[in-house]
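**Q** Generate coordinates for the sequence data below:
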Amino acid sequence: MKKLIEYVRAFKYYNYLLILLVSKDIKKKYQDSFLGIIWSLLSPLLDMVVLTIVFSTLLSRHVDNYPVYLMTGRLLFQFFTQTTTVSIKTISGASSLIKKIYVPKYILTLSKILSNYVIFLISLVDLVLIMIITGKEMTIYVLYVPVYLILFLVFTAGISFMIATISVFFKDMEHLYKVFTNALYFASAIIYPPEIVPDQYRIILDINPIFHFVQGFRQVAYYGKPINIDNLILCTVISIVSLIVGIYIFKKYQDKFILYI
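**A** Below is the predicted model:
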């Protein structure tokens with residue numbers, strides 16, 4: 001309990017630094033872009049248009065309002081991929097800073113997670129616009145959307161801390177991870193409905209945590225139905241376990257980072 005209080009106090013002490021780093025990351029991401037942060041809105045829309053043209057005809061018999069269906073999965077997956085990919089270099093990329101002054105190393109990773117989350121939240125405006133344009137009805141169950149957004153943030157944070165730690169000791173992580181996320185995209189039922197997956201391959205979806213988050217999010221945002229309690233419990237457990245394991249691994253090996261960066 002005493003250690004927990006110390007961690008809370010330390011977090012409050014560096015709270016200003018965290019806010020500064022998050023703000024800096026967001027500004028840096030778009031400082032050389034002509035459109036600036038507006039690109040956060042345009043990029044998902046352009047991707048949606050291309051994929052809708054390609055897949056909507058093929059899947060028209062299985063999915064109603066394909067643009068909304070696609071966006072409800074793609075936005076979540078894009079946040080996860082971008083955040084975890086950036087986390088690979090949060091420690092090694094800040095080697096000069098770590099060697100000069102003391103900075104809680106978790107702050108470096110956490111700032112990237114939160115800055116990407118802010119951009120992700122902004123991009124959700126696209127989903128609302130597409131729902132309005134296509135005439136997709138929003139039910140009262142859309143109020144459950146923040147629940148899944150928070151759970152997915154917790155889950156992604158846990159994975160990001162794991163990856164940030166592993167990448168310090170395993171330099172080829174970046175290249176292999178890109179291959180992994182490409183495969184993960186097609187194993188998460190982002191561009192197709194899970195109903196068309198043959199029974200013998202359903203296990204691929206069942207063991208994929210991102211699939212369950214996407215399904216839960218679509219349940220309330222796309223289908224407009226009451227929250228699925230079993231799905232909610234599963235996503236909650238996955239999120240908590242992910243964060244606990246991620247923080248544990250990061251904390252256990254953080255003192256060795258200086259030897260490898």
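**Q** quick check, distance from stretch 138-148 to the centre of its chain.
**A** The chain centroid and the centroid of stretch 138-148 are separated by 18 Å under Cα atoms, centre = their mean, to the nearest Å.
**Q** go on, stretch 100-116?
**A** What separates the centre of stretch 100-116 from the centre of its chain is 17 Å, taken as Cα atoms, centre = their mean.
**Q** Next: stretch 207-218.
**A** That offset, for stretch 207-218, works out to 12 Å (Cα atoms, centre = their mean).
**Q** likewise stretch 163-181?
**A** 16 Å.
**Q** what about the helices in this structure?
**A** All helices of the chain, identified by DSSP state H, fall at 2-13, 15-30, 39-59, 66-87, 95-100, 105-133, 145-169, 173-186, 202-206, 209-221, 229-253.
**Q** Based on its surroundings, how many neighbours for the spatially closest residue to Asp47 that is not a sequence neighbour?
**A** Nearest residue to Asp47, sequence neighbours excluded (Cβ to Cβ, 6 or more residues apart in numbering): Arg74, at 6.7 Å. No exception for glycine: its C-beta is placed from N, CA and C like everyone else's. The number of residues packed near Arg74 is 22, by other Cβ atoms under 10 Å.
**Q** so Arg74 makes contact with Tyr192?
**A** No: using Cβ atoms under 8 Å, Arg74 is not in contact with Tyr192; the gap is 12.0 Å.
**Q** Give me the pLDDT value at the residue nearest to Asp47.
**A** You'll see Arg74 listed with a pLDDT of 92.
**Q** same deal with the one 3 residues further on?
**A** What the model reports as pLDDT for Phe77 is 96.
**Q** And for it, the neighbour number?
**A** 19.
**Q** ok, now Ile196?
**A** Counted with other Cβ under 10 Å, Ile196 comes out at 11.
**Q** How much space separates it from Asp47?
**A** Distance from Ile196 to Asp47, counting by Cβ to Cβ, to the nearest Å: 21 Å.
**Q** Same question for Leu18.
**A** From Leu18 to Asp47 the distance is 30 Å (Cβ to Cβ).
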